[in-house]
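Student: Here is my input, please return the structure:
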Amino acid sequence: MFRRITFLLLFLTYHSYSQILPERERAALIDQVLKERFETVLPNMMYRTGIDMWVLISREYNEDPVMRTMLPAEWLNARRRTILVFYWDEAKNKLEKMAIARYDIGDNITSVWDKEKQPDQWKALAEVIQKYDPKKIGVNYSDDFGLADGIVKTDYEAFMNAIPQKYQDRVVSAEKLAIGWVETRTPLEMRLYEELVDITHGIIKKAFSSAVIKVGETTTDDVVWYLRQQVTDMGLETWFHPTVDIQRTDEELESHITSFSSGYGDKVIQPGDLLHCDFGISYLRLNTDCQQHAYVLKENETEAPQFLQDAFAKGNQLQDILTSNFETGKTGNEILSASLEEAKTEDLQPSIYTHPLGLFGHSAGPTIGMWDSQDGVPGTGDYPLYENTVYAIELNTTVNIPQWNKDIRIMLEEDGFWGKNGFSYVGGRAQELLLVD
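Tutor: Numbers count the residues shown, from 1 in each chain. Reported below is the predicted structural model:
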């Protein structure tokens with residue numbers, strides 16, 4: 001298995017973005033990543049949160065989102081009622097991974113339920129709990145984080161009715177454990193993430209080129225559907241419908257509410273347009289999220305006007321301000337407040353709405369602003385920044401353009417990693433406008 005995974009990683013390293021792994025090789029890689037996560041991430045998170053038993057319960061097609069991240073590549077859904085139990089024995093430094101289910105859950109989680117001996121699945125679960133006698137039993141319910149709120153009412157009630165009273169008193173929210181599992185990236189995942197971002201950037205670069213855009217004929221919706229079709233043709237998926245919009249000299253700047261709800265409409269792309277896209281892919285159970293700009297050259301132009309290049313640089317400046325305020329232990333709201341204050345002292349007009357990224361597009365972890373919550377986000381914004389986490393560095397700055405007699409927005413989004421050595425962009429970031437010839 002080790003040689004096979006090494007080969008796959010070499011394949012990813014030396015092949016271009018258009019060469020995507022076949023399904024069988026993807027599955028092997030996904031399962032290897034999952035094995036590494038169970039061996040390294042989960043014990044650390046259980047230790048960090050002080051929860052020595054974690055119980056996840058789901059029924060087929062109504063899965064807890066966290067459970068979905070734990071299923072092997074060959075399992076597209078849970079089966080019947082699937083119950084996972086993780087027990088961290090600190091004294092033995094050992095993690096027990098069990099399923100109260102009819103099947104082993106791949107190679108990582110072993111079924112410990114013999115239905116012939118104990119026909120009642122709930123009683124079987126209660127027996128496991130009594131055997132290990134945990135101090136805290138984490139269950140996925142949460143007021144603030146939807147991804148950590150995966151247990152349904154019927155399963156919760158059946159679970160509580162099945163276990164003795166003394167264990168009912170030990171049931172706690174597994175919110176922080178679920179978030180820690182979802183947000184934490186391993187070294188192997190980060191090697192894969194570089195490839196994902198490279199693929200994403202490559203698709204955007206082609207979409208914003210004369211290979212796709214025929215100026216005066218191609219519309220923004222044509223480019224949107226090119227992005228969707230390219231993803232499908234490459235055997236990938238996208239976790240949201242992409243957008244492509246235009247800012248130009250003779251049109252007023254759209255409001256935030258229009259941009260985030262009503263969309264941009266379908267417009268023919270013309271010389272002198274400032275294009276913008278929002279696009280991300282899903283591959284190998286990871287997700288990307290990128291926003292980039294392109295300028296449509298006019299006749300005899302070889303580069304974008306200097307005033308647009310200067311405006312773009314202000315977007316990079318705001319990125320730098322935000323990421324310079326990253327610090328382990330700071331909450332999302334603290335990072336947001338410090339960044340906005342600093343940006344305004346630099347005469348920028350900032351808006352920051354950065355979110356965790358990883359196993360989900362809008363993932364669990366510290367929310368660093370929302371476009372309509374620039375004073376902070378209660379709950380999710382109060383969660384602290386931890387190392388080995390990935391973020392969509394999403395923001396914009398409004399810039400006045402005298403040459404167009406209007407304001408424009410430079411809207412940027414790039415994927416970034418926070419680790420022990422600080423912040424870095426995953427696969428780099430755009431530092432200049434793409435050009436459509």
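Student: Could you use CA atoms for every contact and neighbour count after this?
Tutor: Will do.
Student: Just give me how far the one helix or strand A178 maps to sits from the chain centre.
Tutor: Taking DSSP states H and E as the definition, A178 sits inside helix 175-183. Taking CA atoms, centre = their mean, to the nearest Å, one finds helix 175-183 lying 13 Å from the centre of the chain it belongs to.
Student: quick one: buried residues of the lengthiest helix in the chain?
Tutor: What stands out as the longest helix in the chain, according to DSSP state H, is helix 187-207. Counting neighbours by 16 or more other CA atoms under 10 Å, one finds that the buried residues in helix 187-207 are 189-190, 192-201, 203-205, 207.
Student: Run through who's touching it.
Tutor: 12-13, 17-18, 33, 212-213, 223, 226-227, 230, 279-281, 283, 286-288, 290, 292, 415, 426-427, 434 (CA atoms under 8 Å, 6 or more residues apart in numbering).
Student: need the next SSE after it, C-terminal direction.
Tutor: Downstream of helix 187-207, the next assigned helix or strand under DSSP H and E is helix 220-233.
Student: ok and that following helix relative to helix 187-207, angle-wise?
Tutor: 140 degrees (axes from the mean of the first three to the mean of the last three CA atoms, to 10 degrees).
Student: Show me what helix 220-233 is packed up against.
Tutor: Counting contacts by 3 or more CA pairs under 8 Å, 6 or more residues apart in numbering; DSSP states H and E, helix 220-233 is packed against helix 187-207, strand 243-247.
Student: try it again with 7 Å
Tutor: Packed against helix 220-233, as judged by 3 or more CA pairs under 7 Å, 6 or more residues apart in numbering; DSSP states H and E, are the following elements: strand 243-247.
Student: avg pLDDT for the helix holding A178?
Tutor: Averaging pLDDT along helix 175-183 yields 98.
Student: got it, and stretch 113-126?
Tutor: 92.
Student: What's the end-to-end length of it?
Tutor: In stretch 113-126, first residue to last residue: 11 Å (CA to CA, to the nearest Å).
Student: What lies in contact with that stretch?
Tutor: Contacts of stretch 113-126 with the rest of the structure, by CA atoms under 7 Å, 6 or more residues apart in numbering, involve I100, A101, R102, F159, A162, I163.
Student: for the third one, what are its contacts?
Tutor: Shown in contact with R102 (CA under 7 Å, 6+ apart): S111, W113.
Student: Can I take it that F86 is in a helix?
Tutor: No: the assignment for F86, made by DSSP: H, G, I helix; E, B strand; the rest coil, is strand rather than a helix.
Student: bridging residues for the most centrally placed residue in the chain?
Tutor: In the chain, the centroid-proximal residue (CA atoms, centre = their mean) is L357; its distance is 2.3 Å. Going by DSSP bridges, L357 is paired in beta bridges with V390.
Student: ok so, going back, out of the contacts of stretch 113-126, what pair is the most spread apart?
Tutor: Using CA to CA, these reach their maximum pairwise distance at R102 and I163, which is 20.3 Å.
Student: which SSE is A343 in?
Tutor: Per DSSP H and E: A343 is located in helix 332-345.
Student: now that helix: how far from the chain's centre is it?
Tutor: Its chain's average C-alpha position is 22 Å from that of helix 332-345, according to CA atoms, centre = their mean.
Student: Other residues contacting it?
Tutor: Outside helix 332-345, the residues touching it (CA under 7 Å, 6+ apart) are 318, 321-322, 325-326, 350, 366-369, 376-377, 381-385.
Student: Among these, which lie within strands?
Tutor: Using DSSP state E, the members of the contacts of helix 332-345 that fall within strands are P350.
Student: Which of the contacts of helix 332-345 fall in helices?
Tutor: Mapping these onto helices (DSSP H) picks out L318, I321, L322.
Student: between those residues, which is closest to T219?
Tutor: L318 (30.1 Å).
Student: quick one: contacts for the closest one?
Tutor: Residues near L318 by CA under 7 Å, 6+ apart: A343.
Student: got it, and T219?
Tutor: Shown in contact with T219 (CA under 7 Å, 6+ apart): D266, K267, V268, I269.
Student: Could you list everything it pairs with in the sheet?
Tutor: T219 forms beta bridges with V268, as assigned by DSSP bridges.
Student: do you know how far the residue of the chain positioned farthest from its centre is from A99?
Tutor: In the chain, counting by CA atoms, centre = their mean, K117 sits farthest out from the average C-alpha position, at 42.5 Å. Look at K117 and A99: by CA to CA, they are 16 Å apart.
Student: circling back to that earlier point, output the helix holding A343 as PDB, nothing but the C-alphas.
Tutor: Presented in PDB, the C-alpha positions along helix 332-345 are these (Å, rounded to 0.1, in the frame of the first residue of the first chain):
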ATOM      1  CA  GLY A 332     -12.400  35.100  14.200                       C
ATOM      2  CA  ASN A 333     -14.000  38.200  15.500                       C
ATOM      3  CA  GLU A 334     -10.700  39.400  17.000                       C
ATOM      4  CA  ILE A 335      -8.900  38.900  13.700                       C
ATOM      5  CA  LEU A 336     -11.700  40.600  11.800                       C
ATOM      6  CA  SER A 337     -11.800  43.700  14.100                       C
ATOM      7  CA  ALA A 338      -8.000  44.200  14.000                       C
ATOM      8  CA  SER A 339      -7.800  43.700  10.200                       C
ATOM      9  CA  LEU A 340     -10.600  46.200   9.500                       C
ATOM     10  CA  GLU A 341      -9.200  48.800  11.800                       C
ATOM     11  CA  GLU A 342      -5.700  48.400  10.300                       C
ATOM     12  CA  ALA A 343      -7.100  48.500   6.700                       C
ATOM     13  CA  LYS A 344      -9.000  51.700   7.300                       C
ATOM     14  CA  THR A 345      -5.900  53.400   8.700                       C
END
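Student: Next, the buried residues of that helix.
Tutor: G332, N333, E334, I335, L336, S337, S339, L340, E342, A343.
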